[in-house]
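Trainee: Got a sequence here, can you model it:
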Amino acid sequence: MIVSAKSKTISIGLLVVAEILALAAWFSSAAVLADMSREAAISPLVRGMLASGTQAGFAIGAVVFAVLGLSDRFDPRRVFAMSAIAAAAANAALLVAPIGGGLAVASRVATGAFLAGVYPVGMKIAVGWGTHDRGLLVGLLVGALTLGSAAPYLLSFISGADWRGAVAGASILTAAGGFIILLTNLGPHHAQARAFSPIALRLAWRDRRIRLAYAGYLGHMWELYAMWAWVGAGLAASFALQLPDGEALALSKVTAFAAVAVGAMACVAAGLLADRIGKAETTIIAMVGSGASALLAALVFDGPPALMIVVVVIWGAFVIADSAQFSALVADVAPTEHTGSLLTLQTALGFALTVITVQGAPLVAGAIGWPGLFVVLAAGPLFGTVAMMQLRTIMKESSV
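Mentor: Next comes the predicted model:
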């Protein structure tokens, strides 16, 4: 099947836009928690639940979508569209739910579950457009995920203390992404993926290469979503040491947006780098950079806001750059017939871990301070780097 470059460019472009808009609901609550807390008291435990609920929902939703094979049984564009619209509605429930109540937490879980029909399904649509340039295609989708995740912080900055305006804006963007995806076409390499197989559990444990790739991914995920969810709160605490509260909060919002958004460009750059020097090597560079940045953020926490901004934005670039490469590594070494199941298991494990880290981050910060939390987060990329160095050695030896 011959497809014009123009058709591919248009469809991938629309897919990227749809992904950016649809993911705007992800950190919708985390971006406005400070403003919500000014209106009603929210305990640290519930604050964590509001932020981690999306992660829990996504982990559950990813497995359900894979087991039911929804993107294979139905047009993936329609699955994406319906999931995005449903996620927008679930996110909008924050506008009517009692602040800090059970319904608000449930809305975050539902939002995450529906977004499991957006990001993975979008990835499936993207790889259907190419084989030789799949690294770039995956990098573009992870970059879109990153920009979409940053959007709530920008909306919160624009809305100021009006947190409802930010939440409503995120829901509108997410629904818009659902409609835009319907304008795309499916690529010539689009094919059905195999349903999830329990055999993946045994393979993931017995094959040391897959086990190490999983370990690297878990180290990466230990840090990533906790950083994304709470970087705004940490920055606000840092800036408040030097600036008036209102000014500190506003600056933290725009800085958090920049720190998350810069990762979009880093994802594409890392994808190109991985094609040149290797996927494992790229993950090692990124995790060393993100871990070092987390430690630097702890060191300069009490310093000038300008210095903290620079360090955190650099951290934001490194913390997401390698994300796509962990999945690519599993795909490289896994048996073809079980690749989909192994990737589903990898994603589910990673997001299940983020429930713990995102939920626990504010509790740790309250106990040992934000600098202490940043040090704890740095342990993830350290663990992941050790795993990926071992995997790199194994892969080099097997290629000799």
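
Trainee: in this structure, which helix or strand is least confident?
Mentor: helix 70-73 (a mean of 69; mean pLDDT, DSSP states H and E).

Trainee: and after it, which helix or strand comes next?
Mentor: helix 76-92 (DSSP states H and E).

Trainee: chain center to that following helix, what's the gap?
Mentor: Centroid separation between helix 76-92 and its chain, computed with Cα atoms, centre = their mean, to the nearest Å, is 17 Å.

Trainee: which residues sit against it?
Mentor: 18, 22, 25, 28, 65, 70-71, 107, 110-111, 114-118, 121-122, 124-125, 167-168, 170-172, 174-175, 177-179, 181-182, 184, 186, 190 (Cβ atoms under 8 Å, 6 or more residues apart in numbering). C-beta here means a position set from N, CA and C on the backbone, and glycine is covered the same way.

Trainee: Could you pull out the buried residues of that helix?
Mentor: Of the residues in helix 76-92, 76-77, 79-92 count as buried by neighbour count, 16 or more other Cβ atoms under 10 Å.

Trainee: Of those, just say which sits nearest to residue 373.
Mentor: Of all the buried residues of helix 76-92, residue 91 has the smallest distance to residue 373: 26.4 Å, by Cβ to Cβ.

Trainee: And the closest residue to the closest one other than its chain neighbours, what's its pLDDT?
Mentor: Nearest-residue entry for residue 91: residue 25, 4.0 Å, with adjacent residues in sequence omitted and distances by Cβ to Cβ, 6 or more residues apart in numbering. Predicted confidence (pLDDT) for residue 25: 93.

Trainee: Tell me how many other residues surround residue 25.
Mentor: 36 (other Cβ atoms under 10 Å).

Trainee: rewinding a little: what's the ChimeraX syntax to select whichever of the contacts of helix 76-92 are buried?
Mentor: Selection of the buried residues among the contacts of helix 76-92 in ChimeraX, burial being defined by 16+ other Cβ under 10 Å:
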select :18,22,25,28,65,70,71,107,110,111,114,115,116,117,118,121,122,124,125,167,168,170,171,172,174,175,177,178,181,184
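
Trainee: Could you give me the buried positions within the helix or strand harbouring residue 22?
Mentor: Using DSSP H and E, residue 22 sits within helix 5-22. Across helix 5-22, burial judged by 16+ other Cβ under 10 Å covers 8, 11, 12, 14, 15, 16, 17, 18, 19, 20, 21, 22.

Trainee: TSV for these, including pLDDT and distance to residue 267?
Mentor: Compiled in TSV, the buried residues of helix 5-22 are given as follows (pLDDT from 0 to 100; distance: Cβ to Cβ, whole Å):
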residue	pLDDT	distance to residue 267
8	81	20
11	86	20
12	87	15
14	93	19
15	92	15
16	91	11
17	94	16
18	95	17
19	92	12
20	93	12
21	95	17
22	94	17
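
Trainee: Now do the helices in the stretch 151-300 of the chain.
Mentor: For the stretch 151-300 of the chain, the helices defined by DSSP state H, counting those that start in this stretch occupy 163-180, 199-206, 208-239, 245-277, 279-299.

Trainee: Could you point out which of these sits nearest residue 129?
Mentor: It's helix 245-277; of the helices of the stretch 151-300 of the chain, that one is closest to residue 129 (Cβ to Cβ) at 14.8 Å.

Trainee: between the closest one and helix 208-239, how big is the angle?
Mentor: If you take axes from the mean of the first three to the mean of the last three Cα atoms, to 10 degrees, helix 245-277 sits at 150 degrees to helix 208-239.

Trainee: how far does helix 245-277 sit from the chain's center?
Mentor: 12 Å.

Trainee: Can you verify my assumption that residue 64 contacts residue 113?
Mentor: Yes - in this structure residue 64 lies within contact range of residue 113 using Cβ atoms under 8 Å: 7.5 Å.

Trainee: who has more neighbours, those two?
Mentor: Neighbours per residue (other Cβ under 10 Å) separate residue 64 from residue 113, with residue 113 holding more: 24 against 14.

Trainee: Can you tell me how far the more buried one is from residue 152?
Mentor: Counting by Cβ to Cβ, to the nearest Å, the gap from residue 113 to residue 152 is 18 Å.

Trainee: What of residue 121?
Mentor: Taking Cβ to Cβ, one finds residue 121 at 21 Å from residue 152.

Trainee: Residue 375 too?
Mentor: 26 Å.

Trainee: Give me the more crowded residue out of these two.
Mentor: Taking other Cβ under 10 Å, residue 375 and residue 152 do not tie; residue 152 has more neighbours (30 against 18).

Trainee: for the more buried one, what are its contacts?
Mentor: Contacts of residue 152 (Cβ under 8 Å, 6+ apart): 24, 25, 26, 27, 28, 30, 31, 32, 166, 170.

Trainee: CA-only coordinates of the one helix or strand residue 325 maps to, as CSV, when you get a sec.
Mentor: Assigned by DSSP H and E, residue 325 belongs to helix 323-333. Extracted in CSV, the C-alpha atoms of helix 323-333 (Å, rounded to 0.1, in the frame of the first residue of the first chain):
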residue,chain,number,x,y,z
SER,A,323,10.8,7.3,28.6
ALA,A,324,10.0,5.9,25.1
GLN,A,325,13.3,4.0,25.0
PHE,A,326,12.4,1.5,27.8
SER,A,327,9.4,0.3,25.8
ALA,A,328,11.5,0.1,22.7
LEU,A,329,14.1,-2.0,24.5
VAL,A,330,11.5,-4.5,25.6
ALA,A,331,10.2,-4.6,22.0
ASP,A,332,13.7,-5.3,20.8
VAL,A,333,14.3,-8.3,23.0
